[in-house]
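Chemist: kindly generate the corresponding structure for this input.
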Amino acid sequence: MKFSEMDFLLILTTFMILLVVLMMVAIYSVFIKKKSQLILLQKIKEATFEQELANSQVEIKEQTLNYIGQELHDDLGQKLSVARLMTNKLSYSTESDNKIIANEINLLIGECIQDIRNISKVFITKQVEHFGFIESLEREIFRIQRFQLLEVHYDINNRDLEINSSHALILFRIIQECINNVIKHSRSKCIELIVFDDQDRINFKINDTGIGFNMDRVNNGSGLKNLISRAKVINAKFEINSSEKIGTKVLITYNK
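Modeler: A predicted model of the protein is given here:
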C-alpha cells in the first residue's frame, strides 16, 4: 500500500512538473509571437513613415519648381525686360538722362541678383530642415501674398515650436496641401491660418469662407484619406468640417 501511494505521488508530481513546463512553453511561445508581431508592426510603421517622408519630399520639390517658374516668369523676367528697354534708351537719350537710366538699370540688376539668391535658397530638397518649420510656413504665406492669390490672416502665439525634426516635413506638407486646396477649389477671397502652441500639443487651424462642400460626398475621397493617414503617421489628428456656401475649417492637432 505504501508503495502504491509513493507511486501515485511520483506520478502526480511528474504530471504537475510536466504541466508547469508545458504552461511555461506556451507562455514563452505567446511572448515570442507577440514580440515578433510588435517588431513587425514597428517595421511597418517605420516603412510607412519613410514612404510618407519620401512622398512629401517629392511633392515639395514639385511645389518648389512651380514657385521658381512663377518667380522667373513674373518677377525676374519682367525686371530684365524693363532693364533691356532702358538699355535701348541709352543710345538716343541725353547725357543727363543716361546717368538716371544707368542708375535705374543698376538698381534693377541688383534686385535681379538678390532675387536669384532668394530663389537659390528655396531650391533645396530639405526646405523645412534648412529654413525651419515656421519660416518655411511663413515663406508659403509670403508666396500667396506676393502673387495675390488670397488675403491671408496669420496668427501664431509661439514661433519656437517643439516639433520632432523628422515629423516637420510631413506636417508642413499636410498644411501646404490644405492651403493649396483652398486656393484651387474654395473660391474664397481669404484664408485664416492660426498656430496655437499648447502645453502638450500644437493646433493648426486653416479656415476659409469659400463655397464649401458636402461632407457626405467627400468622406471617402482619396485626398482626405491621404491627409488623415499622413497625420496618423506623425502622431497627429486631422479634422475637417465644411458647409456648402459657408466655408471649410481644418484642425490639425500635433501631439508633442
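
Chemist: what pLDDT does Gln78 get?
Modeler: For Gln78, the pLDDT comes out at 71.

Chemist: ramachandran angles for the closest residue to Lys256 other than its chain neighbours?
Modeler: Nearest residue to Lys256, sequence neighbours excluded (C-beta to C-beta, 6 or more residues apart in numbering): Glu162, at 5.4 Å. C-beta coordinates here come from the backbone N, C-alpha and C atoms, glycine included. Glu162 adopts backbone torsions of phi -90, psi 90, taken as degrees, to the nearest 10.

Chemist: count of residues packed around Glu162?
Modeler: Counted by other C-beta atoms under 10 Å, the residues lying close to Glu162 total 9.

Chemist: now swap in Leu18 and tell me
Modeler: Around Leu18 there are 10 residues (other C-beta under 10 Å).

Chemist: which neighbouring elements make contact with the helix or strand hosting it?
Modeler: Here Leu18, judged by DSSP states H and E, is contained in helix 2-70. Using 3 or more C-beta pairs under 8 Å, 6 or more residues apart in numbering; DSSP states H and E, the elements in contact with helix 2-70 are helix 95-122, helix 127-131, helix 165-181, helix 222-233.

Chemist: now the weakest link among those, please, by mean pLDDT.
Modeler: helix 127-131 (a mean of 65).

Chemist: can you point out the buried residues in the helix or strand following that one?
Modeler: Going down the chain from helix 127-131, the next helix or strand is helix 133-146, by DSSP H and E. The neighbour-count check on helix 133-146 (16 or more other C-beta atoms under 10 Å) flags Phe133, Ile134, Ser136, Leu137, Glu138, Arg139, Glu140, Ile141, Arg143, Ile144 as buried.

Chemist: counting contacts, what elements does helix 133-146 pack onto?
Modeler: helix 127-131, strand 151-156, helix 165-181, strand 190-197.

Chemist: contacting residues around that helix?
Modeler: Helix 133-146 has contacts (C-beta atoms under 8 Å, 6 or more residues apart in numbering) with 67, 122, 127-128, 131, 150, 152, 154, 156, 159, 161, 163, 168, 171-172, 175-176, 179, 183, 191, 193, 195.

Chemist: just for the stretch 151-256 of the chain, where's the confidence low?
Modeler: 218-222 (pLDDT under 70).

Chemist: go with 80
Modeler: Residues of the stretch 151-256 of the chain that meet the criterion pLDDT under 80 lie in 216-222.

Chemist: hang on, Tyr254 packs against Asp200?
Modeler: No. Using C-beta atoms under 8 Å, Tyr254 is not in contact with Asp200; the gap is 10.1 Å.
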